[in-house]
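A.B. asks: Need a 3D model of the following:
(one chain, ligands or ions: 1)
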Amino acid sequence: MISIQDYALPATLEETYEVLTAKKSNTILGGCAFLRIGSKKIGVAVDLAKLNLDFINEKNDSIEIGAMTTFRKIETNPVLIKYFNGILPKAVSHIVGVQLRNSVTAGATIYSRYGFSDFITALLSLDADVVLYKGGQVSLETFLEDGAKKDILVKVIIPKTDRKAVFQTMRNSRSDYAVLNAAVSNKENDWKVVVGARPQRAKIARAASHYLAESQLTKEDIEYAAELAANELTFGSNIRGSREYREAICKVLVKRAIMEVLA
Ligand SMILES: Cc1cc2nc3c(=O)[nH]c(=O)nc-3n(C[C@H](O)[C@H](O)[C@H](O)COP(=O)(O)OP(=O)(O)OC[C@H]3O[C@@H](n4cnc5c(N)ncnc54)[C@H](O)[C@@H]3O)c2cc1C
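C.D. replies: Model prediction:
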């Protein structure tokens, strides 16, 4: 159970940051689905509802997703369905059920850097940047690698290109967390192979990505790239699957995703 001592509804990002950083226990509220299943003692619960961060905006050369945008909006948004082979809607459409997707938010998911996240894996294959109130604009990859600093995730920026991207996931049952997930994308022979829920957070498989760019993309090349991804990344064990199982599944999901991108 969580407890909340006080509540704030700031009107600006500046005010939000002031309240957030005034005390260690002050905490931002996203959709609250994850917060509620924990046992945190929250000082001031900081609600972002007045900051107009619920948006998906198509710009000339990018698509921006505000932090308070729900997964359901991502899943049903025509722009996101149209671009990148619809990878973002596809990646979130597996998550539990519509009711949950109507409340969970993009900003909370990214900021929390959940290892099991399906959204982060898909986003990482699209060269996305995140915008933090204090930290400014940084690549999602850098943000995932950096340690946690208290900040507000404001929005995500995705370059609007004709990058074709594919998401693959393996689950023990439909609404469970993924045993493993993978995203592969390609734009003019610039390949990105990403694997998440290892169960550590998503990572780009650099050697596999480079190999695909240099290869002839034969059946053997695709199999070798999938092997490379499984060899260069680390995997762990938890109740959903062992390290060895994940390594084996990685080869299958990456191979399938590459073949789907090429199809
Ligand atoms: C039962 C259940 C099953 C799930 N299954 C899956 C799954 O299969 N796959 C998957 O990918 N995800 C899954 N999720 C995770 C879900 O998709 C969300 O990522 C998660 O709930 C966080 O979103 P939220 O809006 O509920 O965050 P909250 O619970 O509101 O917040 C989570 C954390 O993020 C912080 N935060 C919120 N917004 C911001 C911000 N803008 N800036 C900085 N910090 C912020 C909060 O302070 C808090 O620490 C599941 C969640 C639940 C509850």
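
A.B. asks: Going by C-alpha atoms from here, please, whenever you check contacts or count neighbours.
C.D. replies: Will do.

A.B. asks: Ramachandran coordinates for residue 244?
C.D. replies: phi -60, psi -40 (degrees, to the nearest 10).

A.B. asks: and it, how many residues sit next to it?
C.D. replies: Close neighbours of residue 244, defined as other C-alpha atoms under 10 Å, add up to 12.

A.B. asks: pLDDT weak spots in this protein?
C.D. replies: Residue ranges of the chain with pLDDT under 70: 148.

A.B. asks: so the residue most central in space within it is in which element?
C.D. replies: Nearest to the geometric centre of the chain sits residue 120, at 1.2 Å (C-alpha atoms, centre = their mean). Per DSSP states H and E, residue 120 falls inside helix 118-124.

A.B. asks: who are the neighbours of the helix or strand following that helix, in terms of helices and strands?
C.D. replies: Sequence order places strand 129-132 as the next helix or strand after helix 118-124, per DSSP H and E. Other helices and strands packing on strand 129-132, by 3 or more C-alpha pairs under 8 Å, 6 or more residues apart in numbering; DSSP states H and E, are strand 136-139, helix 140-145, strand 153-159.

A.B. asks: For the second one, name the packing helices and strands.
C.D. replies: Just to be clear, that refers to helix 140-145. So helix 140-145, by 3+ C-alpha pairs under 8 Å, 6+ apart, packs with strand 129-132.

A.B. asks: coming back round to it: could you say which of the helices and strands packed on strand 129-132 is packed most deeply?
C.D. replies: Comparing the helices and strands packed on strand 129-132 by mean neighbour count (mean count of other C-alpha atoms under 10 Å), strand 153-159 comes out on top with a mean of 23.
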